[in-house]
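> Okay, predicted coordinates and the sequence, questions at the end:
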Amino acid sequence: MLNHTAEVSLSKFMTKLLRHTPAEYGLLLDPEDGSCLLEDLQRVIHAAPKWAGITEEDIRQVVRNSEKQRFAIEEDRIKARYGHSHAKLAYEPGVPPEVLYHGTHQAALPSIFKEGLLPMGRQYVHLSEGLHFASLAGSRRGKLILLAVDTVKAVHLGVTFYYAGNEVWLSEPVPPACIALREEP
């Protein structure tokens, strides 16, 4: 069983492998859903000297304990649910709740209110059904600002939304007219 520090470190490495630079490590992901065999991921992880002793149960522990639920294991396959920068995976369009949330920081607001929400190096804009995930994402770079996205208006303006699982929604760029500061309850 991994301690918390090792778990966080392995999670970051798995994120790199499954979301950003799989080819750099010789990991082939399914072009449809971004998954690979769990044993293939474990083999690639083992190739890094720091992780030579990692077991399948260690990988499963990271998946279970990931606060943002970044990964999913289905049968003998594992994938990152969202956040890919290496390839644009196909998701089924869905009908989101009327309001989704996006966490950001103060310095980003002028750009967001001028240009809208953009993927910023990712394939999609990341939104969440609840405030918890939006807060986690937005608090990384400074004072947290929560934005509310009017999805009804966004769909009317041509934005497509995709459900990535675990309260996370992905979308094409969201126009400024659909974005507001979240009012405190």
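That came through, no problem. Numbers count the residues shown, from 1 in each chain.

> Neighbours of the residue nearest to Val174 when sequence neighbours are not counted, how many?
In space, and not counting its chain neighbours, Val174 is closest to Leu117: 4.1 Å by Cβ to Cβ, 6 or more residues apart in numbering. (Each C-beta comes from the backbone N, C-alpha and C, glycine too.) Residue crowding around Leu117 was assessed by other Cβ atoms under 10 Å; the count is 25.

> before we move on, what about Ala80?
As a burial measure, Ala80 scores 21 neighbours (other Cβ under 10 Å).

> Kindly report the same for Val62.
By other Cβ under 10 Å, 24 other residues sit near Val62.

> same question, the one 10 residues further on
By the measure other Cβ under 10 Å, the count of residues near Ala72 is 18.

> again, but for Ile45
Counted with other Cβ under 10 Å, residues neighbouring Ile45 total 21.

> Need the nearest residue in space to it, chain neighbours excluded.
Trp51 (4.7 Å).

> wouldn't Ser35 be in contact with Ile78 here?
Yes: with contact defined as Cβ atoms under 8 Å, Ser35 counts as touching Ile78 (6.3 Å).

> between the two, who's got more neighbours?
Of the pair Ser35 and Ile78, Ile78 is the one with more neighbours under other Cβ under 10 Å, namely 27 against 21.

> care to break this protein down by domain?
4-80, 99-181 (automatic domain parsing).

> Would you map the strands across this structure?
Remark: strands assigned in the chain by DSSP state E are 36-37, 71-74, 77-80, 99-105, 125-128, 144-150, 161-165, 168-171, 179-181.

> Packing partners of the first one?
In this case it means strand 36-37. strand 77-80 (3 or more Cβ pairs under 8 Å, 6 or more residues apart in numbering; DSSP states H and E).

> Paired strands for the strand it packs on, with orientation please.
Strand 77-80 has the following strand partners under DSSP bridges: strand 36-37 (antiparallel), strand 71-74 (antiparallel).

> Only alpha carbons, please: show it as PDB.
Provided in PDB are the C-alpha atoms of strand 77-80 (Å, rounded to 0.1, in the frame of the first residue of the first chain):
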ATOM      1  CA  ARG A  77      -8.400  -1.300 -19.200                       C
ATOM      2  CA  ILE A  78      -7.500   2.100 -17.600                       C
ATOM      3  CA  LYS A  79      -8.000   5.600 -19.000                       C
ATOM      4  CA  ALA A  80      -7.900   9.200 -17.900                       C
END
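
> ok, residues contacting that strand?
14-15, 18-19, 29-30, 33-38, 41, 59, 63, 70-72 (Cβ atoms under 8 Å, 6 or more residues apart in numbering).
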